[in-house]
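**Q** need a structure here:
(one chain, ligands or ions: 1)
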Amino acid sequence: MNPVAAQPSISDPEAIAANLEDRTAEQAIEWMFETFGESHYIACSFQKTSSVTAHLASKVNPQARFFYLDTDVLFPETYETRDRLAASMGVEFDRFHNLTLEEQAAKHGDELWNRDPDACCGLRKVEPMRRALSSVDCWLAGVRRADSASRAKTPKFGWDKRFELWKLNPLADWSERDVWNYIHEHDLPYNPLHDHGYPSIGCTHCTKPVGEGGSPRDGRWAGLEKSECGIN
Ligand code: SF4
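**A** From the prediction side, this is the model:
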């Protein structure tokens, strides 16, 4: 799909993307609201970067729209973080969900995450993500270049070919220290699993703590080639 045809209000996306590279996260988020109005959706996984993006976006625009993907196998600490962020920032997180675990087992067999994690992520993450993004023109993610080698070239703004809409990554150039400095300076709630060896947090079945010197995403699908769930 031609991105210019898909979103006429973006007349020179390459120039805009270049310009956004020099803006702060807050300025980039302000630009998103000015450009797309209500037609935006901010994805939250309730990891550390969600604390930052939820705070920045709700400060800039009290009507900011947030959503999350509920796989039914998130950590209890993740659900608690969702509730603490909602209470502290006065925002709502819209829940997107696909089939129940029982329905998945009946259709695809037990423990699909062990036998075919790509298929499991497709059902429990990609499908509800597609529904969440189907009615907006731009989504916002907390992806950072420092997360992993595969994310090292993440632009702050660009066309998301997979979901066919614009995507803003306002924290793309933030370091780990930048994230924690922001959280502590603003006394934000954050997922307590980060204090217990989990630099990256996904589903309970597919996330392990990372030892000293490991890469931040080593605990995701540990031991498998898989490093992404198919939404970023
Ligand atoms: S991270 Fe694991 S449990 Fe979660 S959707 Fe993907 S394969 Fe399934």
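**Q** Which positions in this protein make contact with the ligand?
**A** 71, 73, 113, 117, 120-121, 124-125, 202-203, 205-206, 229 (C-beta under 6 Å from any ligand atom). The way it works is simple: take the backbone N, C-alpha and C, and place the C-beta from them, glycine included.
**Q** Mind checking which of those residues are in helices?
**A** Taking DSSP state H as the definition of helices, the residues of the chain next to the ligand contribute 113, 117, 120-121.
**Q** Output these as JSON lines; include the columns distance to residue 169, pLDDT and neighbour count.
**A** Output for these, formatted as JSON lines (distance: C-beta to C-beta, whole Å; pLDDT from 0 to 100; neighbours: other C-beta atoms under 10 Å):
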{"residue": "113", "distance to residue 169": "27", "pLDDT": "93", "neighbour count": "20"}
{"residue": "117", "distance to residue 169": "24", "pLDDT": "93", "neighbour count": "17"}
{"residue": "120", "distance to residue 169": "25", "pLDDT": "96", "neighbour count": "22"}
{"residue": "121", "distance to residue 169": "20", "pLDDT": "95", "neighbour count": "25"}
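**Q** Could you give the separation of the helix or strand encompassing residue 53 from the chain centroid?
**A** Assigned by DSSP states H and E, residue 53 belongs to helix 48-60. Distance of helix 48-60 from its chain centroid, counting by C-alpha atoms, centre = their mean, to the nearest Å, is 12 Å.
**Q** residues of it that come out buried?
**A** Neighbour-count burial for helix 48-60, counted by 16 or more other C-beta atoms under 10 Å, picks out 48-58.
**Q** Name the nearest residue to residue 23, sequence neighbours excluded.
**A** The shortest distance from residue 23 to any non-neighbouring residue, by C-beta to C-beta, 6 or more residues apart in numbering, is to residue 31 (7.0 Å).
**Q** just residue 49 next, same as before
**A** Per C-beta to C-beta, 6+ apart, closest to residue 49 is residue 142, 3.0 Å.
**Q** Check whether the one you found sits in a helix, strand or coil.
**A** coil (DSSP: H, G, I helix; E, B strand; the rest coil).
**Q** So that it lines up with my notes, have the first residue be 56 from now on.
**A** Understood, numbering begins at 56; the last thing we discussed is residue 197.
**Q** mind checking pLDDT for it?
**A** At residue 197, the pLDDT value in this model is 97.
**Q** quick one: contacts for it?
**A** Residue 197 sits next to 98-100, 102, 104-105, 107-108, 224, 226 when contact means C-beta atoms under 8 Å, 6 or more residues apart in numbering.
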